[in-house]
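*Asks:* could you look at this predicted model? Sequence included:
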Amino acid sequence: MIQTLGVIPSRYESVRFPGKPLVDIAGKKMIERVYEQAKASGALDAIYVATDDQRIFSYCTNVNIPVIMTSSAHQSGTDRVAEVALQFDARYVINIQGDEPLIPPDHITKLVHVLRSDNTDIATLITPCEDQEMLERPDIVKLTKREDNRILYFSRSMIPFRRNTPDGMIWYRHLGVYAFKVDVLTKLTRLPLGLLERTEGLEQLRWLEAGYDIKAVEVPYSTPGVDTPGDLDRLLAWMQLNDIKP
């Protein structure tokens, strides 16, 4: 029985980096690296790539990665994950970003543990961020949270604004890996776009605006993701610096 399902949504036609799921990263395609990292967590009963592109589907089939062809009409990776989740009798589903080829397996394990043991409907990974330049970048999503780790708000702006820096203040960035109870995920996909989402371009604000709680699961560090061709160069340099072999 599949109780906890991992899904890796994967699109070929990325605006910033077309074809990136099949880009070579030190001898392996990116989608293969993401799958291997997720599998290494040991926390998932099954893992599937979800795509609407025949090239990705064919590659995954050739290297024995479980893959499901999904609708091309989805507006987000979350919708694609929901389509796959509904095909299984799973209770939990983890949305693993297809552009995080070095995501630490223990981060996925920790996220699954919180979702399954904490009476949580939605959980997501966050990490502290001290880099001022990164905090000011609109492509890096920031957040602020309550003492019980329920997230108050996500933003492309730096939040909270650094007027002062009191002792103990920590700024956080969002890592974009989500865990859902499947019955909650199906409800989320039926929500209309919210005003906050349309303003910031962040779908998770739709869930907050509709009254859902999102639990922050803090991890001590992040690994480089790949959103642009320039990010790929930085990832390869990071791998060399940290002596990560193919």
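*Replies:* Yep, it's here.
*Asks:* His107 against Val177, yeah?
*Replies:* Yes: in this structure His107 lies within contact range of Val177 using C-beta atoms under 8 Å: 7.2 Å. Bear in mind the C-beta positions are built from the backbone N, C-alpha and C, glycine included.
*Asks:* need the overlap of contacts for these two.
*Replies:* Here His107 and Val177 have Leu125 as joint contacts, going by C-beta atoms under 8 Å, 6 or more residues apart in numbering.
*Asks:* could you list the low-pLDDT ranges of the chain?
*Replies:* The chain contains residues with pLDDT under 70 at 245-246.
*Asks:* tell me where it has helices.
*Replies:* 30-40, 54-62, 77-85, 105-117, 132-136, 182-188, 195-200, 204-209, 229-241 (DSSP state H).
*Asks:* centre-most residue in the chain?
*Replies:* Nearest to the centroid of the C-alpha atoms of the chain, with distances taken as C-alpha atoms, centre = their mean, sits Val177, at 2.6 Å.
*Asks:* from Glu133, how far off is that one?
*Replies:* 23 Å (C-beta to C-beta, to the nearest Å).
*Asks:* who touches the residue nearest to Ile31 when sequence neighbours are not counted in this structure?
*Replies:* By the measure of C-beta to C-beta, 6 or more residues apart in numbering, the closest residue to Ile31 outside its immediate chain neighbours is Pro21, 4.3 Å from it. Pro21 is in contact with 10-12, 29-31, 51, 56, 98-99, counting by C-beta under 8 Å, 6+ apart.
*Asks:* what's the answer for Asp99, then?
*Replies:* 20-21, 30, 34, 225-227.
*Asks:* report the buried members of those.
*Replies:* Among these, those scoring as buried are 20-21, 30, 34, 225-226 (criterion: 16 or more other C-beta atoms under 10 Å).
*Asks:* farthest-apart pair in the residues you listed, please.
*Replies:* The most widely separated members of those, counting by C-beta to C-beta, are Pro21 and Gly225 (12.8 Å).
*Asks:* so the longest strand along the chain versus helix 30-40, what angle?
*Replies:* Taking DSSP state E as the criterion, the chain has its longest strand at strand 172-181. Strand 172-181 runs at 70 degrees relative to helix 30-40, counting by axes from the mean of the first three to the mean of the last three C-alpha atoms, to 10 degrees.
*Asks:* quick one: strands adjacent to strand 172-181?
*Replies:* Strand pairing for strand 172-181, using DSSP bridges, gives strand 92-95 (antiparallel), strand 122-128 (antiparallel), strand 142-145 (antiparallel).
*Asks:* just put the ones you listed in a markdown table and tack on distance to Tyr153 and mean neighbour count.
*Replies:* Shown next, in a markdown table, are these (distance: least, C-beta to C-beta, whole Å; neighbours: other C-beta atoms under 10 Å):
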| stretch | distance to Tyr153 | mean neighbour count |
| --- | --- | --- |
| strand 92-95 | 20 | 26 |
| strand 122-128 | 13 | 21 |
| strand 142-145 | 6 | 19 |
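*Asks:* about what we covered before: how close does the residue nearest to Ile31 get to Pro101?
*Replies:* Taking C-beta to C-beta as the measure, Pro21 falls 10 Å from Pro101.
*Asks:* hey, what's in contact with both of the two?
*Replies:* Both Pro21 and Pro101 are contacted by Met30, under the criterion C-beta under 8 Å, 6+ apart.
*Asks:* that older thread, and the strands paired with strand 172-181: which comes nearest Val184?
*Replies:* Comparing these by C-beta to C-beta, strand 122-128 comes nearest, at 6.4 Å.
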